[in-house]
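> dropping a prediction and its sequence here:
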Amino acid sequence: MHSEVNELKDFLIDKVKGRRFIIGIDGLSRSGKTTFTEELEKRLETENIPFRTFHIDDHIVTRENRYDTGQEEWYEYYHLQWDVEGLRVKLFDKLKYASEVALPYYDKGSDTHQFHTITLPENCLLIIEGIFLQRKEWKHFFDYIVYLDCPREKRFLREKEEIRANISKFINRYWKAEEYYLDSEQPIKSADMVVESN
């Protein structure tokens, strides 16, 4: 993965001169997105490239809006886990021109949101990290998308043992949603760069 991060960093160096460049780090659960993003951030700091990073999982909705809604579990995860339209309006629509964005950040402990205002430098790299980034509502906002490809078996083993014990949740909620995403959006085929994450 280190060589791919360096390759990406070299590609991005010229992209932020005089503009904003929006990159997505996409991939299914436990594919290594956060690790890849952190490695990229370290290299960008070394090169003094200004950037801001947004993690989609910081902006999930409260539990009552994503569990026991009457919809199938996979549907809740894919369509209701995030306020897809709200993030489009509050974040994605503003990435190219706004000097700041105000976003609801989710606190797991209290199951509530707090709004935080994030300033955006005029010329910078904007990194969006998260699952399902290439859904039709968001995909066209990105200038470049990296997809981390990792087999389900390896991703599953990266989960904590107590989480793996609830296999029905993976079967009914996570894996069905992932299959829907792979079938409907073809993220591997659509990505600009695919990284084999092992």
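Received the coordinates, thanks.

> ranges for the helices of this protein?
Applying DSSP state H to the chain gives helices spanning 2-12, 33-46, 73-75, 84-90, 152-157, 161-164, 167-169, 175-185, 187-190.

> dump those helices to CSV, plus mean pLDDT.
Below are the helices of the chain laid out as CSV (pLDDT from 0 to 100):
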stretch, mean pLDDT
helix 2-12, 90
helix 33-46, 96
helix 73-75, 98
helix 84-90, 98
helix 152-157, 92
helix 161-164, 87
helix 167-169, 92
helix 175-185, 97
helix 187-190, 98
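
> and Glu100, which of these is closest to it?
Taking C-beta to C-beta, helix 84-90 is the member of the helices of the chain nearest to Glu100, at 11.2 Å. All C-beta spots, glycine's among them, are computed from the backbone N, C-alpha and C.

> which of the residues in that closest one are buried?
Using 16 or more other C-beta atoms under 10 Å as the test for burial, helix 84-90 gives Val84, Leu87, Lys90.

> check which helices and strands it is in contact with.
For helix 84-90, the contact count by 3 or more C-beta pairs under 8 Å, 6 or more residues apart in numbering; DSSP states H and E identifies strand 100-107 as packing neighbours.

> so what strands line up beside the strand it packs on?
Here strand 100-107 is paired, per DSSP bridges, with strand 112-119 (antiparallel).

> tell me the pLDDT at the residue of the chain most remote from its centre?
Ranked by distance from the centre of the chain (C-alpha atoms, centre = their mean), the top residue is Gly70, with 26.1 Å. Note on Gly70: pLDDT of 97.

> which residues sit in contact with it?
The contact partners of Gly70, by C-beta atoms under 8 Å, 6 or more residues apart in numbering, come to none.

> ok, back up a step: now distance to Lys108 too, for the helices of the chain, in JSON lines please.
Below are these laid out as JSON lines (distance: least, C-beta to C-beta, whole Å):
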{"stretch": "helix 2-12", "distance to Lys108": "28"}
{"stretch": "helix 33-46", "distance to Lys108": "16"}
{"stretch": "helix 73-75", "distance to Lys108": "19"}
{"stretch": "helix 84-90", "distance to Lys108": "18"}
{"stretch": "helix 152-157", "distance to Lys108": "21"}
{"stretch": "helix 161-164", "distance to Lys108": "14"}
{"stretch": "helix 167-169", "distance to Lys108": "17"}
{"stretch": "helix 175-185", "distance to Lys108": "20"}
{"stretch": "helix 187-190", "distance to Lys108": "26"}
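
> if anything else comes up later, I'll come back, but that's it for now.
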